[in-house]
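*Asks:* Below are the sequence and a predicted model for it; my questions follow.
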Amino acid sequence: MIVAVIASSFTQGNIANHMLKMALTNMVSLSVFFSVDLINIYFISLLNKAYLVAAIGYASAILFFTSSLTIAMVIAVTATVAKSIGQKQIQQAKRIATTSFVITFILSIFITLIIFCYASELLSLMGAKRASLEAAETYLKLTIFSFPMIAIAMQVTAILRVLGKANIAMLCTLLAGIINALLDPLFIFYFQWEINGAAYATILARIVMLAIASYYLLHRYQFIASQSLLDSWANIKKIAKIALPASLTQITTPLSHFYITYEVAKFGAESVAAWTIISRLIPVVFVMLFAMPGAIGPIISQNLGAKKLNRVKNTLNHSLNFIIKYVFVSALILSLLQENLVNLFNATSEAAILIRFFCQYIAISFIFVAMNLVAMSFLNNIGRPKLATLLNLAKISLGTIPFVSIGAYYYGAQGILMGQALGSVVFGLIAVVVCYFTLSRLKVN
């Protein structure tokens, strides 16, 4: 068997082209990943049972928390692996990846058991009641068992992108998404499993994604290495140096989501159903916001390892310029298609009003969410994860809770969206200023 050659491909060539290729392939992968949730909600909405849509919303808020912890590990492993590849230390990069897989598997099993045992309590804490609580608990307990699989799969596909194999990473996610989309109507309607069917489809799709991605990384590229306990401990410290603060950074987003869901729940099942649709619509429509941080991470880390600071700065400039234009166009499209979305998800009364309000007035504020996400990725990959954590903790404590609470008190469910948007504007600008200030003082040892 011929093993593919591994090289630091991002330290040469046009930065904009590298960024665009990585971002677009990552966008396709994430589009499929996020669309799975939206497809689940779409098919469940056809049952005309608002409490089932709300149930997925409650469960998804907790699953979002697990995904955020997984992303923290992805950030850590891609930053350390990419830097080692930039320094042409390929074997060291393999050992770091192997250590990360083991840590992720152990942690994901632990988190799975905790959520399974306390599912009802967690959902009740978020405001789930009666029929919504029962359905959400069933869906959550089924889906959470696939968490270890998706946690490893996300790391494997991320490392494939670090190696410059973004097309393969995209293929893995794309096939999984297609399988999920095909199985959803079969399980939900034909077998009449309703919300359980959506969970089964998601589990099978994740199995496929992990199997294909692992084949390429571990077999085709032989990106795995044996190591001593001493080497493993050294690698754990390298990963933890980024993963721990990155975890704190990442959990601020689901914590913010928890709090918003809690506030929205005060206004009834219709409002929760609307928030569920909106929160699943956001990553699909604004998928590039979530694709860009993962796309620029390996480029920044490889060039930092190769001591090419000018290319690091250019990566930041290009990414911000592109992402702001993207959000502006996407928000305009949302505004024009708001009625189509209301009809697509069979939204009525309060749910329809909230969806229209988001599309018309709130979507444009995601320009500042984009700024914040790019800035956080930049800080994590240049070795400033603690600063990224500090900014995100400030965002949830000062930029979310006060704004959302005041908005809910004076303007109801719409005020919650207004408060979240205003907080994003303030802290998005702060994050970009901090990012460029840190860049001006950056030195490579």
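*Replies:* Yes, it's here.

*Asks:* in the lengthiest helix in the chain, what's buried?
*Replies:* Using DSSP state H to define each element, the chain has its longest helix at helix 401-440. By neighbour count with 16 or more other C-beta atoms under 10 Å, helix 401-440 contains the buried residues 401, 403-404, 407-408, 412-425, 427-428, 430-432, 434-435, 438-439. C-beta coordinates here come from the backbone N, C-alpha and C atoms, glycine included.

*Asks:* One more: stretch 261-278?
*Replies:* So for stretch 261-278, counting by 16+ other C-beta under 10 Å, buried means 261, 263-265, 267-278.

*Asks:* From one end of that stretch to the other, what's the distance?
*Replies:* 11 Å (C-alpha to C-alpha, to the nearest Å).

*Asks:* what sits up against that stretch?
*Replies:* Contact with stretch 261-278 is made by 41, 45, 50-51, 53-54, 56-58, 60-61, 126-128, 132, 260, 341, 345, 347-355, 358, 404-405, 408, 412-413, 416-417, as judged by C-beta atoms under 8 Å, 6 or more residues apart in numbering.

*Asks:* how much distance is there from stretch 167-187 to the middle of the chain?
*Replies:* Relative to the chain's own centre, stretch 167-187 is displaced by 17 Å; criterion: C-alpha atoms, centre = their mean, to the nearest Å.

*Asks:* taking the mean pLDDT, what do you get for it?
*Replies:* Across stretch 167-187, pLDDT averages out at 87.

*Asks:* circling back to that earlier point, can you name every helix or strand that the longest helix of the chain contacts?
*Replies:* For helix 401-440, the packing partners by 3 or more C-beta pairs under 8 Å, 6 or more residues apart in numbering; DSSP states H and E come out as helix 229-265, helix 269-285, helix 309-336, helix 349-357, helix 366-381, helix 385-398.

*Asks:* quick one, that helix and helix 309-336 angle?
*Replies:* Interaxial angle of helix 401-440 relative to helix 309-336 (axes from the mean of the first three to the mean of the last three C-alpha atoms, to 10 degrees): 150 degrees.

*Asks:* okay, the angle between helix 401-440 and helix 349-357?
*Replies:* 30 degrees.

*Asks:* Could you check the angle helix 401-440 makes with helix 385-398?
*Replies:* 160 degrees.

*Asks:* ok and helix 401-440 relative to helix 229-265, angle-wise?
*Replies:* 140 degrees.

*Asks:* Could you turn the buried ones of the contacts of stretch 261-278 into a PyMOL selection?
*Replies:* This is how PyMOL selects the buried members of these, with burial counted by 16+ other C-beta under 10 Å:
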select buried, resi 41+45+50+51+53+54+56+57+58+60+61+126+127+128+132+260+341+345+347+350+351+352+353+354+355+358+404+408+412+413+416+417
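
*Asks:* Against residue 431, how distant is the closest residue in space to residue 320 that isn't next to it in sequence?
*Replies:* In space, and not counting its chain neighbours, residue 320 is closest to residue 374: 5.7 Å by C-beta to C-beta, 6 or more residues apart in numbering. Distance of residue 374 to residue 431, computed by C-beta to C-beta, to the nearest Å: 8 Å.

*Asks:* and if you look at residue 62?
*Replies:* Counting by C-beta to C-beta, the gap from residue 62 to residue 431 is 26 Å.

*Asks:* sorry, back to before: JSON lines for the helices and strands packed on helix 401-440, including distance to residue 104 and mean pLDDT?
*Replies:* Putting the helices and strands packed on helix 401-440 into JSON lines (distance: least, C-beta to C-beta, whole Å; pLDDT from 0 to 100) gives the following:
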{"stretch": "helix 229-265", "distance to residue 104": "10", "mean pLDDT": "80"}
{"stretch": "helix 269-285", "distance to residue 104": "22", "mean pLDDT": "82"}
{"stretch": "helix 309-336", "distance to residue 104": "27", "mean pLDDT": "90"}
{"stretch": "helix 349-357", "distance to residue 104": "36", "mean pLDDT": "87"}
{"stretch": "helix 366-381", "distance to residue 104": "17", "mean pLDDT": "87"}
{"stretch": "helix 385-398", "distance to residue 104": "17", "mean pLDDT": "84"}
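
*Asks:* Pick out the most distant pair among the buried residues of stretch 261-278.
*Replies:* Maximum pairwise distance in these, criterion C-beta to C-beta, is 16.7 Å, between 263 and 277.

*Asks:* Okay, now the unreliable bits of the stretch 1-150 of the chain?
*Replies:* Residues of the stretch 1-150 of the chain meeting the criterion pLDDT under 70: 1-9, 29-30, 33-34.

*Asks:* Strands of that one, residue ranges please.
*Replies:* Counting by DSSP state E, counting those that start in this stretch, the stretch 1-150 of the chain has no strands to list.

*Asks:* can you give me the helices in it?
*Replies:* 15-45, 50-86, 90-117, 119-125, 130-143, 147-162 (DSSP state H, counting those that start in this stretch).

*Asks:* Nearest to residue 179, out of these?
*Replies:* Short answer: helix 15-45, nearest of the helices of the stretch 1-150 of the chain by C-beta to C-beta, at 9.6 Å.

*Asks:* Could you list the buried residues of that closest one?
*Replies:* In helix 15-45, the ones that count as buried by 16+ other C-beta under 10 Å are 15, 18-19, 22-23, 25-45.

*Asks:* looking just at contacts, which helices and strands does it meet?
*Replies:* Using 3+ C-beta pairs under 8 Å, 6+ apart, helix 15-45 sits against helix 50-86, helix 147-162, helix 166-185, helix 195-214, helix 269-285, helix 287-305, helix 309-336.

*Asks:* List the buried residues for the last one?
*Replies:* What it means is helix 309-336. Neighbour-count burial for helix 309-336 [16+ other C-beta under 10 Å]: 311-316, 318-320, 322-323, 326-327, 330-331, 334.

*Asks:* Skipping adjacent residues, who's closest to residue 294 in space?
*Replies:* Residue 294 sits nearest to residue 26 (C-beta to C-beta, 6+ apart), 5.2 Å away.

*Asks:* and the gap between the one you found and residue 344?
*Replies:* On the measure of C-beta to C-beta, residue 26 and residue 344 end up 26 Å apart.

*Asks:* Not counting stretch 198-213 itself, show me its contacts.
*Replies:* Under C-beta under 8 Å, 6+ apart, the answer for stretch 198-213 is 36, 40, 43-44, 56, 138-139, 142-143, 145-146, 149-150, 152-153, 156-157, 160, 168-169, 171-173, 175-177, 179-180, 183-184, 186-188, 193.
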